[in-house]
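S.K.: Have a look; sequence and predicted model below, questions after that.
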Amino acid sequence: MNKPLSEPIPASTEEAQVRWSAEYAAQIGAGKVVRNRSGIEVKPLYTPLDVDSSRFLADVGFPGQAPYTRGIYPTMHRGRTWTQRQLIGLGTPAAYNERLLDILAQGATAVSLIPCNSVFRGYDMDEVDAELLGTCGVVCNSADHMTTCLDGVDLATTSCAMNDPSPFTLLAFMLATAKRRGVDWRALTGTSNQSDYLSHFVANHMFFRLALAGARRVLTDHIAWCGEHLPRWNPLSIVGQHMQQAGATPAEAMAFTLSSAIQYADDCVAAGLSPDSFLPRFTFFFDISLSFFEEVAKFRAGRRIWARLARERYGAQDPRSSRFKFHAQTSGVDLTRQQPLNNIARVTAQAIAGIFGGLQSLHTDAYDEALSCPTQFGARIAVATQNILREEARLTDVIDPLGGSYYVEALTDEMEKRVLEVMADVERAGGMYRAVESGFVQRRIGESARAFQERVDSGEQTVVGVNAYQVEEDAAARPALAKPDVADMDAHRAAFAAWKAARSERLVANALDDLARAAQAPRDNVFAQVVAAADAGCTHGEICGTLRRELGFGNPLIVL
């Protein structure tokens, strides 16, 4: 016989919540207000009273169906897991290729090429200080170099991300490589990563090569050309990562990213392109901070907003236009030089948030990335982290496993409101192009960065090993990647000089002249001439230098 309960079950949820609130207050007092990084107040408990169950289909729904809150595909990770991309780059093309093949053998499933900082700045190796060459990425200045980088990679079946700001010379070199191998360009898959010039202007100045108006022109031409010649290629990756790493809150980063997407879509429409011809190839790239539930809610809210924008603002009819496809990278900003092995736990938590948030591809930072370019040892752990989460922790068994959580659903709704508020501010500032041109976005990010740092400095935000739980360490014992072999880099420079001397000066000069004329002819496609120049043997620095002269030098706005 069942014994009667010592306490009766309350007659209603409301009655139970009132009783719990009184008991909670009696034990903890008034307590301090807890807010997440986006400033949203986080309550100590969430219940059915925090969600509107009558709006399940309108606000939550099913994966692969509007409003896409739970994912853009019906099967999500249960049917096909995320693409494993490990950002690598170091030294010469031969050294890069060796590391790439090792990472692919360890379980990575796609290529993500990081060039040397000299390349990001738009210069060839013979235009910069030799001491820094290859320390942060591979020195890739020509189609020949790209051919070496991708030796042993099947371009027809392997997705490639080229971390390649405007004017997208790395993709042009990859196309030349594919042509040499007889690979049909229409089979190529991947992304022109770092194609988002607005994020560079705001928060990643090293990537900003051309004047703002020139970068706008080249990107629109790039999207149009790829749509015609590379139907499986994603020509645009709109990057929230830079702005969040610069200090934007998760809500601000999502808002600025979506506002950038609106700007790029408006520019494409103005150029005469149909929304359903380019929106399916828009992709997004985000940072994943340690604010676990906030990040999950950020991605769920972003999917919902983008699907609505595609349908209502652009009249998209193709369901693929409404899919919010995104790559995510665990946040290096949250990693610490102190007690670097703790970063493995940080990266794991960030990765789970991204997976539960429904990403399409993932890069997990190596634990030692706060110290240097990742060592091979660190990179292997980063790749294994994804393998463990997918295959041992079985995170792919259930689609959107946090869906239906009172907290997650309420937080998703709050995040959506906060994102839309920031997007409205951008609209009032004249749209994303005008907002970054005037410094509005930069000032907003700076304010958020300062506020977060003040919380760290005061101890309100704990950072293990930095402002709490500190231990004595031998800094010299921290792992760090050795610089590229000096002899190898010297040989690379010498071979580059010899190759340039042996080129056809006439072919190079004609190709650069054609590029310059295209830049001055509004109806010509600039990227078509970039591809032609790469195939003719022009170098990265020559192509960038020509366009800088014609379209203006990139001078980002510095806001104090």
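M.R.: Structure's in. What do you need? Residues are numbered from 1 along each chain as shown.
S.K.: Would you state the strands of the chain in chain order?
M.R.: Residue ranges of the strands in the chain, as given by DSSP state E, are 83-84, 111-113, 160-162, 190-191, 233-234, 236-239, 282-288, 326-330, 361-363.
S.K.: Show me what the fifth one pairs with in its sheet, parallel or antiparallel.
M.R.: Here strand 233-234 is paired, per DSSP bridges, with strand 190-191 (parallel).
S.K.: from the chain's centre, how far out does the strand it pairs with sit?
M.R.: Here strand 190-191 shows a centroid-to-chain-centroid distance of 12 Å under the convention CA atoms, centre = their mean, to the nearest Å.
S.K.: Repeat that for stretch 403-421.
M.R.: Its chain's C-alpha centre lies 22 Å from the corresponding centre of stretch 403-421 when counted by CA atoms, centre = their mean.
S.K.: buried stuff in that stretch?
M.R.: If you call a residue buried by 16 or more other CB atoms under 10 Å, then stretch 403-421 has these buried ones: 403, 405, 407-416, 418-419. All C-beta spots, glycine's among them, are computed from the backbone N, C-alpha and C.
S.K.: Averaged pLDDT, stretch 395-410. What do you get?
M.R.: The average pLDDT within stretch 395-410 is 97.
S.K.: for it, how far is the first residue from the last?
M.R.: Distances were taken as CA to CA, to the nearest Å; on that basis the terminal residues of stretch 395-410 are 23 Å apart.
S.K.: ok, and what's touching it?
M.R.: Contacts made with stretch 395-410 from outside it, assessed by CB atoms under 8 Å, 6 or more residues apart in numbering, are listed as 46-48, 50-51, 59-60, 63, 69-71, 75-78, 81, 293, 296-297, 300, 352, 355-356, 358, 389-390.
S.K.: Now list the buried members of the residues you listed.
M.R.: For these, burial is judged from neighbour counts taken by 16+ other CB under 10 Å, and it is met by 46, 50-51, 59-60, 63, 69-71, 76-77, 81, 293, 296-297, 300, 352, 355-356, 358, 389-390.
S.K.: Could you tell me the phi and psi values at Glu460?
M.R.: The phi and psi torsions at Glu460 (degrees, to the nearest 10) take the values phi -60, psi -40.
S.K.: Distance check, it against Ala328.
M.R.: Using CB to CB, to the nearest Å, one gets 27 Å for the distance from Glu460 to Ala328.
S.K.: Those two: which has the busier surroundings?
M.R.: Neighbours were counted for Glu460 and for Ala328 using other CB atoms under 10 Å; Ala328 has more, 29 against 11.
S.K.: Contact partners for the more buried one?
M.R.: Residues counted as contacts of Ala328 (CB under 8 Å, 6+ apart) are 285-288, 299, 354, 357, 359, 361-363.
S.K.: between the residues you listed, which is closest to Pro275?
M.R.: For these, the minimum distance to Pro275 (CB to CB) is 21.0 Å, reached by Phe285.
S.K.: And the pLDDT at the closest one?
M.R.: The predicted local confidence for Phe285 is 96.
S.K.: Looks like it contacts Asn234 (just checking).
M.R.: No - in this structure Phe285 lies outside contact range of Asn234 using CB atoms under 8 Å: 10.4 Å.
S.K.: In a markdown table, list the contacts of Ala328 along with distance to Val530 and neighbour count.
M.R.: As requested, the contacts of Ala328 are arranged in a markdown table below (distance: CB to CB, whole Å; neighbours: other CB atoms under 10 Å):
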| residue | distance to Val530 | neighbour count |
| --- | --- | --- |
| Phe285 | 22 | 24 |
| Phe286 | 28 | 27 |
| Asp287 | 29 | 26 |
| Ile288 | 33 | 32 |
| Phe299 | 33 | 27 |
| Gly354 | 33 | 27 |
| Gly357 | 35 | 25 |
| Leu359 | 30 | 24 |
| Ser361 | 26 | 23 |
| Leu362 | 30 | 25 |
| His363 | 27 | 27 |
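S.K.: and the closest residue to Phe553 other than its chain neighbours, how many neighbours?
M.R.: Distances taken as CB to CB, 6 or more residues apart in numbering place Ala211 nearest to Phe553, at 6.3 Å, with adjacent residues excluded. The criterion is other CB under 10 Å. On that basis, Ala211 has 17 neighbouring residues.
S.K.: show me the contacts for Ala211.
M.R.: Contacts were defined as CB under 8 Å, 6+ apart; by that measure Ala211 touches 551-555.
S.K.: at 10 Å instead, please
M.R.: 201, 217, 547-548, 551-555 (CB atoms under 10 Å, 6 or more residues apart in numbering).
S.K.: which intervals of this protein have sub-threshold pLDDT?
M.R.: For the chain, applying pLDDT under 70 flags the ranges 1-6, 86-89, 476, 481.
S.K.: looking at the sheet around the spatially most central residue of it, what are its partners?
M.R.: Centroid check for the chain by CA atoms, centre = their mean gives Phe285 as the closest residue, at 2.6 Å. Partner residues in beta bridges with Phe285: Val239, His327, with DSSP bridges as the criterion.
S.K.: Wait, it touches Ser361, no?
M.R.: Yes - using CB atoms under 10 Å, Phe285 is in contact with Ser361, at 9.3 Å.
S.K.: what's the overlap in contacts for the two?
M.R.: Applying CB under 10 Å, 6+ apart, one finds that Phe285 and Ser361 are jointly contacted by 161, 191, 326-329.
S.K.: longest helix of this structure?
M.R.: Of all the segments assigned as helix in the chain under DSSP state H, the longest by residue count is helix 406-428.
S.K.: Please state the offset of it from the chain centre?
M.R.: For helix 406-428, the gap between its own C-alpha mean and the chain's C-alpha mean amounts to 20 Å (CA atoms, centre = their mean).
S.K.: Please apply the same query to stretch 361-373.
M.R.: Computed by CA atoms, centre = their mean, the separation of stretch 361-373 from the middle of its chain amounts to 14 Å.
S.K.: Could you do stretch 23-31 as well?
M.R.: Once both centres are worked out by CA atoms, centre = their mean, stretch 23-31 turns out to sit 42 Å from its chain's centre.
S.K.: Stretch 301-310 too?
M.R.: In terms of CA atoms, centre = their mean, the centre of stretch 301-310 is set 18 Å apart from its chain centre.
S.K.: try stretch 30-44
M.R.: Relative to its parent chain, stretch 30-44 has a centroid offset of 28 Å by CA atoms, centre = their mean.
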